[in-house]
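Asks: Give the three-dimensional model of this entry:
(one chain, ligands or ions: 1)
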Amino acid sequence: MERRTLPGRLSWQLAEVVATQAETARTRSITLDLPTWMGHRAGQHVDVRLTAEDGYQAERSYSIASPPEEAPRVTLTVERLDDGEVSPYLTEELRVGDKLELRGPIGGYFVWEAQMGGPLLLVAGGSGIVPLMAMLRHRAAAGGSVATRLLDSSRSYADIIYRDELDRLVKNTTMLEVVHTLTRAQPPGWTGYHRRIDPEMLREVAWSSDQRPLTFVCGPTPFVETAAASLVTLGHDPARIKTERFGPTGEA
Ligand SMILES: Cc1cc2nc3c(=O)[nH]c(=O)nc-3n(C[C@H](O)[C@H](O)[C@H](O)COP(=O)(O)OP(=O)(O)OC[C@H]3O[C@@H](n4cnc5c(N)ncnc54)[C@H](O)[C@@H]3O)c2cc1C
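Replies: Next up, the predicted model:
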C-alpha cells in the first residue's frame, strides 16, 4: 500500500505575503496565502521561523487575527519592538511576494467558536487584541448575536489597533459593546477611562459573576495577571477565564 505523509499542522509550510497594512505607527497586519492550510479556530496562533543567510534561525509565535472564514488566507498583526530580533523585520522589511516559514494552527484552549455562546467578555492589552479580534470577526462572519463586551487597553488613541473596524463592528452588528481605556495619553475631550485596568473598571464593564461570562484575557504577562486576578476577586469562576500571555516566546 502506498504510504504518504500528509502536511500536518506541526510541519513547516511556506506562506506567501499577499498584503500588508499599517494598523498603527507600531503595528502592521500581514496577510498570507497558505496553499496547504488546514483551517483554524479563532484564538489560535502560529509559529513563524526566519532563517538568515548564515543559517541562523529565529522562531516566534503570532496569534491569527483573521477569522476561520477567510482561510486559506491568514492575517497576523505584529507590534514592532524596537530592540526585537523578529518583529522589526516583520513590520518594516517584509514585502508583498516575500515568503515566510510558518506552522500551525497551534493551541486548543484559548479558542472561541460561535456555538460556545456567552455572554462573551474580551479583555485586551495592546497587541493582545489580535486573537480577540479573530473572535469578533468570526462572530460577525457567523452572524452571531451572542452578547459581547470588549474592554481594550491602549496607550493612546493613536495606538488603538483596529480602531475603525471596531467602530464599524459596533455599528453593524448587534449586542456588541467596546470600551476603551487609554493609559498614557488621551485626546482633548476624552470622556472614557484613562487608567490601567483594575477591579473597579472590571466591575463596571464586565457582567456580574452570577451571569457567568465566558472570558478571554490577552496581553503582556503583568496585564493578564492583573486582569484575571481582578475578575477572580470580583467572584468570577476561574474556570470561565481563559488567558493568553504575550511574553517573550518560550517564557514560563
Ligand atoms: C502565544 C503567543 C502569541 C503571540 N501573538 C502575538 C501577536 O499577535 N502580535 C505580536 O506583536 N506579538 C505576539 N506575540 C509576541 C511575539 O511572539 C514576540 O515575542 C514579539 O514579537 C517580540 O519578538 P522580537 O523577536 O521582536 O523580540 P525579542 O528579540 O524576542 O525581544 C526583544 C526585547 O523585548 C522583550 N519582549 C519580547 N517579547 C515581548 C512582548 N511580547 N512584550 C514586551 N516585551 C517583549 C524581550 O524581553 C527583549 O527585551 C505572541 C507571543 C505568544 C507566546
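
Asks: tell me which element whatever residue of the chain ends up closest to the ligand is part of?
Replies: Taking CB to the nearest ligand atom as the measure, the chain has Gly84 as its residue closest to the ligand, at 2.1 Å. Glycine gets a C-beta too; all of them are placed from N, C-alpha and C. Counting by DSSP states H and E, no helix or strand carries Gly84.

Asks: burial measure for it, as a count.
Replies: For Gly84, the count of nearby residues is 16 (other CB atoms under 10 Å).

Asks: what's the answer for Ser208, then?
Replies: Neighbour tally, Ser208, other CB under 10 Å: 11.

Asks: Contact partners for it?
Replies: Gly235 (CB atoms under 8 Å, 6 or more residues apart in numbering).

Asks: and the gap between the residue of the chain closest to the ligand and Leu50?
Replies: 12 Å (CB to CB, to the nearest Å).

Asks: and for the two, which residues touch both?
Replies: Going by CB under 8 Å, 6+ apart, no residue sits against Gly84 while also sitting against Leu50.

Asks: Show me the strands in the stretch 1-150 of the chain, by range?
Replies: 13-22, 27-33, 45-51, 57-63, 73-79, 99-106, 120-125, 148-154 (DSSP state E, counting those that start in this stretch).

Asks: So for the fourth one, what gets flagged as buried?
Replies: Put plainly, it is strand 57-63. 60-63 (16 or more other CB atoms under 10 Å).

Asks: From the residues you listed, list the ones also adjacent to the ligand.
Replies: The subset of the buried residues of strand 57-63 within reach of the ligand, by CB under 6 Å from any ligand atom, is 60-63.
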